[in-house]
Structures are given as C-alpha cells and as structure tokens.
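J.: The amino acid sequence is not available; the structure is as follows:
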C-alpha cells in the first residue's frame, strides 16, 4: 500500500485538512485499497486533539469526512514508511529535514511541498500554505489544499500507474 503523509506544524489545521481531502479524493477514485493517507505535525503541542474548529467547520461545509483524525507528531516510522512526505511550508520542510538528520537519515530529497502541485504552480512561486491558525482564513486554505491535492493525486496516479 502506498502512503501519503501530510505535515504541518501542530497537525490541527492544514495537514488534517489535506488528509481529509485526500482521503475523500482517493475514495472517489476507487483507490482506498491502494493508497493510505495520514497527517502529522512537527510539534507535539496538540497530540491527541481533533482538528481545529475552523478546519472542522470548513470540512463540514464542503461535506468532507474527517472522522478519526487526531493530531500526532512526526516520528521515524513516518519517514521510513511514507512514499510521499508532503509539507505545508518552508518551516515544516526545514523541521522535517532537521528531525530526519537527528534520527540518522540522510537529507530527504523526495520531501515535497503541497503547493508544488497547485494548478498555478510556477518557478519562484511562494510554496507556503498560509497557516489559518494565524490568518483565520480557513476557506482560502481549503481552496488551495483542495486544488493541490487533486493535482497531487493525479501525479501519483501517473507515477504509480494507478
């Protein structure tokens, strides 16, 4: 089974939103038996918590199921077993690289930014998904994540011939 792991800071806003959206898209594509989706945070402040109320609200509004999603922190096993590690911003990217080195991994060359898969992605583009914890704009983040997840799934299907 192929595993996609989305990564943000606390694992209560962006990465669980991406997890829920991607699970929905994978199920719609009939690929739930081939693709597993997860999310983690680089920090441990919210371990065990459900998605932020703003994330929950926007997911409910768009009819996206997020049952069973609770925050947890990135660990060595995630790095070893994930086929696609996808970060939300540059801070997450740097934190994951630092944590991986601490656990004895080489630089993670296949660590990806979610917005690399945005429909309007281009060289020099800001690849940071804004953290709605600070901005409060959960709908705008939802739209970005939805678009990028659609294209990420398309890229995975092509790469993996699914």
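T.: Received the coordinates, thanks. What you see is a predicted model, and the numbers here were worked out from it, not measured in a lab.

J.: I'd guessed residue 128 sits against residue 87; true?
T.: No. If you go by CB atoms under 8 Å, residue 128 and residue 87 don't touch, sitting 9.5 Å apart. Every residue, glycine included, has its C-beta placed from N, CA and C.

J.: residues shared between the contacts of these two?
T.: residue 113 (CB atoms under 8 Å, 6 or more residues apart in numbering).

J.: And the strands in this structure?
T.: 2-8, 35-41, 84-87, 112-113 (DSSP state E).

J.: Show the average pLDDT along the shortest one.
T.: Model confidence over strand 112-113 averages 96 on the pLDDT scale.

J.: quick revisit: and residue 145, which of the strands of the chain is closest to it?
T.: Closest to residue 145 of the strands of the chain, according to CB to CB: strand 2-8, at 8.8 Å.

J.: Any idea which helix or strand in this protein has the lowest mean pLDDT?
T.: Here the helix or strand of the chain ranked lowest by mean pLDDT, DSSP states H and E is helix 132-135, holding a mean of 90.

J.: Just list what the longest helix along the chain packs against, helices and strands only.
T.: Criterion DSSP state H: the longest helix present in the chain is helix 138-160. On a contact count with 3 or more CB pairs under 8 Å, 6 or more residues apart in numbering; DSSP states H and E, helix 138-160 meets strand 2-8, helix 14-28, helix 53-61, strand 84-87, helix 132-135.

J.: Residue 94 is nearest to which of those?
T.: strand 84-87 (9.1 Å).
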